[in-house]
Each structure stands twice: as C-alpha cells, then as structure tokens.
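Student: generate coordinates for the sequence data below:
(one chain, ligands or ions: 3)
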Amino acid sequence: MFSLNRSSFVNNTSISGSFSYRQRKILPTKVVALAASNREKSNGSLVMENENTTTALQEMRDGYKDVVSPKTAVSGGVMDVYGEDTASEDQPVTPWAVTVASGYSLLRDPHHNKGLAFSTKERDSHYLRGLLPPTVVSQDLQVKKMMHNIRQYQVPLQRYMAMMDLQERNQRLFYKLLIDHVEELLPVVYTPTVGEACQKYGSIFSRPQGLFISLKEKGKILEVLRNWPEKNIQVIVVTDGERILGLGDLGCQGMGIPVGKLSLYTALGGIRPSACLPITIDVGTNNEKLLEDEFYIGLRQRRATGQEYAELLHEFMTAVKQNYGEKILIQFEDFANHNAFDLLEKYGATHLVFNDDIQGTASVVLAGLISAMKFVGGNLADQTFLFLGAGEAGTGIAELIALEISKQTNMPLEETRKKIWLVDSKGLIVNSRLESLQHFKKPWAHEHEPVKELVDAVNEIKPTVLIGTSGKGKTFTKEVVEAMASLNEKPIIFSLSNPTSQSECTAEEAYTWSQGRAIFASGSPFDPVEYEGKVFVPGQANNAYIFPGFGLGLIMSGAIRVHDDMLLAASEALASQASQENFDKGLLYPPFKNIRKISAHIAANVARKAYELGLATRLPQPKDLVKYAESCMYSPAYRTYR
Ligand SMILES: NC(=O)C1=CN([C@@H]2O[C@H](COP(=O)(O)OP(=O)(O)OC[C@H]3O[C@@H](n4cnc5c(N)ncnc54)[C@H](OP(=O)(O)O)[C@@H]3O)[C@@H](O)[C@H]2O)C=CC1
Ligand SMILES: CC(=O)C(=O)O
Ligand SMILES: [Mg+2]
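Tutor: Ligands and ions are numbered 1, 2, ... in the order given. This is a model prediction of the structure:
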C-alpha cells in the first residue's frame, strides 16, 4: 500500500489515497514509474511526497479521460469519475479502491484501528472527527462490551465468527480479549469450536487469513509467499488438511487450524501477530462430501500422493527457507500420519521443524503424567501404559515417555519401551503383526497373544495409565473405565482426542464410572464434575500448553533445530508450574489463565536447552531467560499515535 500525502489531496479533491500493488499495476505508466521510484525512496513504505503526488493525481486523471468522461454523472448529480456506476455488467471497469488518505482508512486497518478508543487528540491529528461518535472509551471497556456481546451468542460457531470478525477489525482488541479471557475464549477460537468452523469453512469464509498454496501454485511457491503482506515472519503453521483434529480429511478447509494455532502463538506465547503466517497446502481432498459441496473452497480433485505430493512439499520447504531464512520455525499440524512422520524426519535435518501432533502432544502429556505421579505415588518407571490409538499422538507420546524413563533410570530405550503398549484399529500391537505394521508402530510390537478388543487388552496388560489417541469418540466405554478402576486405586485416564465429540470418554463418565477415583485429563475442555458431593476439575491435556512457549523458546534463542531434549525441557517446565493448590482440585496442569507466565517458563527451559546443545545462535545467552522471554512477548495494549 502507499498513501498519497493528505495536504496534496485537499487541493485535488476527488482522487487521492492509497492503493494496492495490484491496483498500481494497472495505473497509467508514468504513475506506475512514480510509484516505483517512491517505493525505493521510502524503503518499502511507499509514502509519496507532495509535489510528486500532485503530478501523480493529475496524471491519473489524464489517464482516465481516455477511459471515461469525467463529466459522466449518475442520477443525483454525483460524478461517476471512473464510469463504474454507468457501466453495464459486460463493460469492464477498473476495480479502483482509491480511498482518501484520511482516518477512514485507519478505521478499516485492523493493525491500527482502535475504534472508540481513539483519543480526542488522535481523532484530530488523524482526521477521525465525525467518523466516530463523540465518546472516547478505554480498551478495558471495549473488552467488557465485546465479552458482553459474545456471551449473547448461544451457538458456539457464532461466537467463533464474532471473534474472527474482531480479529479482522481490531487486532489488538482481539488479542486483549483472548489474553484476558483465555479460559472462556480458548474453546471458541480453538478446540472444540474450531473443528466445526473447519467443517463449515467454505460457508463462513469471508477474507483470507493465511496463504493457500495449491497444486496450481507448483513452480511459483516463492512468488506466492511474497504475496503475503508481512515480511518478517518467524513462525509458520502449515497443514495439508488431511487429519483435522479427529474429524478426518477436511482438505483446504483445514485452514481454520493454522489460523487458530497462530492466534494462540500470539495470545499464549507472545509472538507478534505480524510474525505469524498460517498456510494450507491444498493437494485435493478424498472427502467426497466436500468434493460435492458447492461451497467447498479447495481444489476439486482427489488428493495428490507420491512424487507429486513430495515435490510440492519440497518446493514449499525450500521456498520458505529461501524467503525467510534458516531460523523460520515451521510447525506441521494435522497432516495424516502417512506423511507426518516422513516430513518430520526428512526436514528435521535441514529445517527448524516441529510436529505439534507428534512432539507437542508428547510434551504436554508427559508433563501431565509427571504431575499424576503426585497423586498415585512412585515414578513413571513403575507404571504400565496402554494407548488406544497408535498414530502420531499415540506413538509420539509413547516415545517421549520411554525417553524420559530411560533418562530417569539409565535403562536402554528398548527396555523402557516394553512398559508401553498400544492398540490400533486392528487390536493390540504385538510381535506377530510386525511385518505388516507401519514403521512408526514397529518399536511398540511386544511379545503377546493377539488381542482385538480394548477391554480385553486392559484386562490382559493391566495398565495403570490408559491414554486415548484414537480420534474415535466413546471408545472408553463403561466396561473399559470400570476395568481400569478395578485394577487401580487411582486409574490414570486421558481422553485426548479432539474435538469433544471424538473424546474417548467425557469427564463425567470417567469420574462416575471410576467412582470418583480417576485421575483424568482430556484434549478438549470439560466442565468440572460433581460426584457424590465432591467437585472434580478435569485438566486439559492439549498441546496448546506447549507449542506457544516452545516456539517462543526456539525463536528467542535463535535455535536452528529442534531436539527431543527440548521437548523434555518443556514438559519439566510445564509440570513445575502446577501447584499444590491445583493438585488439591484434581488438576494436573496449571490453569490456562496463567498461560503467559507458563509459556515464559517453557520458553526459558527450551532456550536453555538450545544453548546447552549448541543449537542456539542468539548470543550471548541472556542471564535471566524467564525475564528475557517475558520481555520478548507481544502486548496487545493500544499504542498512542502521534
Ligand atoms: N490433546 C491433544 O493435544 C491432541 C489430540 N490429538 C487427537 O488425537 C487423535 C488422533 O490423532 P493422531 O494420532 O494424529 O491420528 P492418527 O490418525 O495418526 O492415529 C489414530 C490412531 O487411532 C487408531 N484408531 C482409529 N480408530 C480406532 C478404533 N476404533 N480403535 C482403536 N484404534 C483406533 C488408528 O488405527 P490404525 O493405525 O489401525 O488406523 C491410529 O493408530 C485426534 O482426535 C486428535 O485430535 C492429536 C494431537 C494433539
Ligand atoms: C490439539 C491438536 O493439535 C489436535 O487435536 O490435532
Ligand atoms: Mg493438531
């Protein structure tokens, strides 16, 4: 964008203002040249000088004389300078968005808009008088009003849309709201509501919130990245939409996930919004319902696979590094497991990549288990673990638990893995299935007879910890929970699948069926449950506790690679933030309302590990990493405009 200087337009009334790069391309030649020269002068900010502006305006008008008579007037006597109003539908017109460089455009700019919070002085100096009603309010009052409005909506998706609308209208207010009311709004902008938003994304789509890179952009991905208006990107969350939460393949409509995750990067981890870039890679979808949906926004073809998929992803990864440098953090999110593990392995050696579903989930669950030991006594090494679901989340968590036990006991990893059992859609993972197992399941094939049903696996393996990562709701049946409760005084039961509809069991079911003895946590939030006069507060074992602080730690230390020890460091930091007061309520995690403090501690521990491992490039290492993390965090408080 570039803005024509206000003082010049005052004398040149009808054409002035700002116009975009695309619009500039269709300006008369001399104006384009002028725009280009001014762009260079102003180092990209494209502010034109007075004398040039006058010339530009005159030349624009001259250019228009050939297109349409400036005398053309529509009824009511309003000059139809561009001929837009008189043109018939088949007469092409130029889509000018030339606006007066006044406060009006400021009110339409989500990065700078403050709405009624513009002070009287700002209203004068930024030409806002008359554009706003007289009252001047504080940001806090705006927050109060927005919360009041959002609470009027009974339908979660309406709340989601109100929040997205706010993000498009007034970014700082959006983040202030999210930070100040994180516990109430997390379920709105994140799981479970974001799941429904993705399912209906085609219908609710209004403005792009991130970049869509489809097979059509093959060979041009670098160009596409350069179309994004922000240049100093530090973190990308990317999905290909194939495994959106436990809802399956949502194709291009998975965009809601990177958008939601990045809003948490800012609100929970303090990464500047302008440094965050949501990306959806569209290689088609195998979701027949979407392919037939007239409102579907993605490519209408079945998913590209094999070499075609790999080439697009490789071009993407290369272009990202070329455009943003070595230290850009790329978070893979909600890829299907047949791509996720391979991408992480392939690019883990060359890029700063992190798979939230494999690694972030592992870190948050390990922290919950460390806390759970305070309830059941003993160590992780004393436990027997059984998972329902042996995909990204399941095997990712299993591997980190095995690593932690190995570090605690000095037992080899191969031995500690034997304490961990997984069940997939075909039953217990056992040695006799080894040949046919996907590579990420092979380390978990132990010697045992085949077992088909989960309840039988519980009775055979006698786990102390049961973890659901199947993406299938209602799979922890009464029988399963009762079996866990008959085997353990305090059964540890985590239903991690999202959104709420896919949770293996509800909090109420876990507490009721275990007669109030379960140590329970879930991926999506559940309300506290009262059982026999006692209130149980379920923890939310969701990677949202980890990735914002984890990412901040990587960014602030200038880390160039992710290492498993950083995941352990993040778990330790998170677990250390849970207090006795939290445990007394049955909570395994510290409350989300303290998340920025928690994220600062996670970031500090991750950064410390990066320095220890020689993977940090920001030198010298700050003395107090927690304070440093806090000082790096974005604040949504309004700025005063001179
Ligand atoms: N709380 C959190 O922070 C997180 C939660 N999740 C949630 O975890 C769930 C799974 O994600 P992810 O691991 O990435 O998915 P994957 O698709 O990689 O894995 C799913 C696994 O579940 C198994 N499975 C599916 N249905 C059944 C069934 N009926 N009985 C037994 N096993 C079954 C699959 O078996 P098979 O291999 O045979 O197909 C597979 O092993 C999702 O709902 C997701 O939202 C994910 C990341 C973070
Ligand atoms: C939380 C998350 O990342 C998931 O459910 O996929
Ligand atoms: Mg995910």
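
Student: just give the nearest non-adjacent residue to the residue nearest to the spatial centre of the chain, would you?
Tutor: Closest to where the C-alpha atoms of the chain average out (Cα atoms, centre = their mean) is K261, at 1.2 Å. Closest residue to K261 apart from its sequence neighbours, by Cβ to Cβ, 6 or more residues apart in numbering: V237 at 4.5 Å. C-beta here means a position set from N, CA and C on the backbone, and glycine is covered the same way.

Student: how about T395?
Tutor: Going by Cβ to Cβ, 6+ apart, T395 has F440 as its nearest residue, at 4.9 Å.

Student: picking up where we left off before, quick check: the residue nearest to the centre of the chain touching Q331?
Tutor: Yes: counting by Cβ atoms under 8 Å, K261 touches Q331, with 7.0 Å between them.

Student: now do the contacts for R608.
Tutor: R608 makes contacts with A569, L625, as judged by Cβ atoms under 8 Å, 6 or more residues apart in numbering.

Student: how near is it to I221?
Tutor: According to Cβ to Cβ, to the nearest Å, R608 stands 35 Å off from I221.

Student: ditto for L487
Tutor: In terms of Cβ to Cβ, L487 sits 52 Å off from I221.

Student: isn't the residue nearest to T395 up against D342?
Tutor: No: applying Cβ under 8 Å as the test, F440 and D342 come out as separate, 9.6 Å apart.

Student: who has more neighbours out of these two?
Tutor: For F440 versus D342, neighbours defined as other Cβ atoms under 10 Å are more numerous around F440 (22 against 15).

Student: what about the helices in the stretch 501-642 of the chain?
Tutor: 507-513, 547-557, 564-576, 580-584, 595-612, 625-632 (DSSP state H, counting those that start in this stretch).

Student: give the buried residues for the fourth one.
Tutor: Within helix 580-584, the residues that qualify as buried are N582, counting by 16 or more other Cβ atoms under 10 Å.

Student: quick one: mean pLDDT for that helix?
Tutor: Averaging the model's pLDDT scores along helix 580-584 yields 92.

Student: so how far is that helix from its chain's centroid?
Tutor: 30 Å (Cα atoms, centre = their mean, to the nearest Å).

Student: contacting residues for the residue of the stretch 51-200 of the chain found nearest ligand 1?
Tutor: Taking Cβ to the nearest ligand atom as the measure, the point where the stretch 51-200 of the chain comes nearest ligand 1 is T191, at 7.4 Å. Contacts for T191 (Cβ under 8 Å, 6+ apart) come out as L245, N498, P499, T500, G523, S524, P525, N542.

Student: swap in 6 Å and give it another go.
Tutor: N498, P499, S524 (Cβ atoms under 6 Å, 6 or more residues apart in numbering).

Student: what about those, which one has the most neighbours?
Tutor: Each of those was scored for neighbours by other Cβ under 10 Å, and S524 scores highest at 26 neighbours.

Student: for F316, what are its contacts?
Tutor: Contact analysis of F316 by Cβ under 6 Å, 6+ apart lists I221.

Student: which SS state does it fall under?
Tutor: helix (DSSP: H, G, I helix; E, B strand; the rest coil).

Student: and it, how far is that from ligand 3?
Tutor: Here F316 is placed at a distance of 19 Å from ligand 3 (Cβ to the ion, to the nearest Å).

Student: the residue nearest to the centre of the chain is in what secondary structure piece?
Tutor: In this structure, K261 sits in helix 256-269 according to DSSP states H and E.

Student: quick check: mean pLDDT of stretch 140-147?
Tutor: In this model, stretch 140-147 has a mean pLDDT of 98.

Student: that one: how far from the chain's middle?
Tutor: 24 Å.

Student: thinking again about what came up before, so which of the helices of the stretch 501-642 of the chain is the most surrounded?
Tutor: Among the helices of the stretch 501-642 of the chain, helix 547-557 has the highest mean neighbour count (mean count of other Cβ atoms under 10 Å), at a mean of 29.

Student: quick one: residues in contact with it.
Tutor: By Cβ under 6 Å, 6+ apart, helix 547-557 touches 234-235, 264-265, 268-269, 329, 356, 360, 570, 599, 602-603, 606-607, 610, 616, 618, 629, 632.

Student: looking at L487 and I221, which is more packed in?
Tutor: It is I221, of L487 and I221, that has more neighbours when counted by other Cβ under 10 Å, with 23 against 16.

Student: before we move on, the earlier item: near ligand 2, which of the contacts of helix 547-557 show up?
Tutor: Filtering the contacts of helix 547-557 for proximity to ligand 2 (criterion: Cβ under 6 Å from any ligand atom) leaves D356.

Student: and the stretch 101-250 of the chain, which residues reach ligand 1?
Tutor: Residues of the stretch 101-250 of the chain lying near ligand 1 (Cβ under 6 Å from any ligand atom): R243, L245, G246.

Student: for the first one, give me its contacts.
Tutor: For R243, the residues meeting the contact criterion (Cβ under 6 Å, 6+ apart) are D334, A336.

Student: distance of it from Q502?
Tutor: 12 Å.

Student: next: the second one.
Tutor: From L245 over to Q502 the distance is 7 Å, taken as Cβ to Cβ.

Student: quick revisit: among the helices of the stretch 501-642 of the chain, which comes closest to ligand 3?
Tutor: Ligand 3 lies closest, by Cβ to the ion, to one member of the helices of the stretch 501-642 of the chain: helix 547-557, at 9.3 Å.
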